[in-house]
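[1] Fold the following, please.
(one chain, ligands or ions: 2)
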Amino acid sequence: MIRAMGGGCQCGRVRYTAEVEPEEAYLCHCRMCRKATGGVSIAYSNAPPEKVTWHSEPDWYQSSPIAHRPFCSHCGTPLGFAFLDGKGNIDITVGSFDDPTPFRPSKNYATESMLTAWTDTRHLPGMTSAENPNVVKRWEDAGLEPPE
Ligand SMILES: [Zn+2]
Ligand SMILES: [Zn+2]
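    Ligands and ions are numbered 1, 2, ... in the order given. Predicted structure coming up:
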């Protein structure tokens, strides 16, 4: 089901609204997306270009002869992927949406580059941010509550 969803970069300079299908998100495992985002894979949701409204223009980095990527030059947040010719859907990074919880992965792309050690980490030991006293103390020393 198509929904209009808002998002933007970490610092808030770049904001967008995109009409996307959250159930049709996917993971890209390609090396260029890894380098562009710093992630072991990157979750995208896509939409036709006319369904993505930039309320404040992102910066664009030409990442290959065929594509460029929107990002924020102030805070560095990777915001997506688009073909240079303007045809085809624009990918928006799922993590840049204000509420990424409705998104569901529907497929893997560029599986030849998949770092399979990272595909399922649920069996590993875990801790919450609030359980990390070093970080909690830094936030408290700054006079703030630790963020989510
Ligand atoms: Zn920013
Ligand atoms: Zn990719």
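[2] So the spatially most central residue of the chain versus His55, what's the distance?
    For the chain, the residue nearest the mean C-alpha position is Thr93 (2.7 Å; C-alpha atoms, centre = their mean). Going from Thr93 to His55 by C-beta to C-beta, to the nearest Å gives 17 Å. In this view, the C-beta of every residue, glycine as well, is placed from N, C-alpha and C.
[3] Quick one: the helices in the chain, in order.
    In the chain, the helices defined using DSSP state H lie at 31-37, 133-141.
[4] in the last one, what counts as buried?
    So that's helix 133-141. Under the neighbour-count criterion of 16 or more other C-beta atoms under 10 Å, helix 133-141 has nothing buried.
[5] Can you check the pLDDT for the closest residue to Pro58 other than its chain neighbours?
    Nearest non-adjacent residue to Pro58, counting by C-beta to C-beta, 6 or more residues apart in numbering: Pro70, 3.6 Å away. Listed pLDDT for Pro70 reads 98.
[6] got it, and Asp85?
    At Asp85, pLDDT is 95.
[7] Once you drop chain neighbours, what's closest to it?
    Spatially, and ignoring its direct neighbours in sequence, Asp85 is nearest to Ile66 (7.8 Å; C-beta to C-beta, 6+ apart).
[8] who's in contact with the one you found?
    Shown in contact with Ile66 (C-beta atoms under 8 Å, 6 or more residues apart in numbering): Phe83, Leu84, Asp85.
[9] How about the residues of this structure by ligand 1?
    Where the chain comes near ligand 1, counting by C-beta under 5 Å from the ion, the residues are Cys9, Cys11, Arg13, Cys72, His74, Cys75.
[10] Give me the buried subset of the residues you listed.
    Cys9, Arg13, Cys72.
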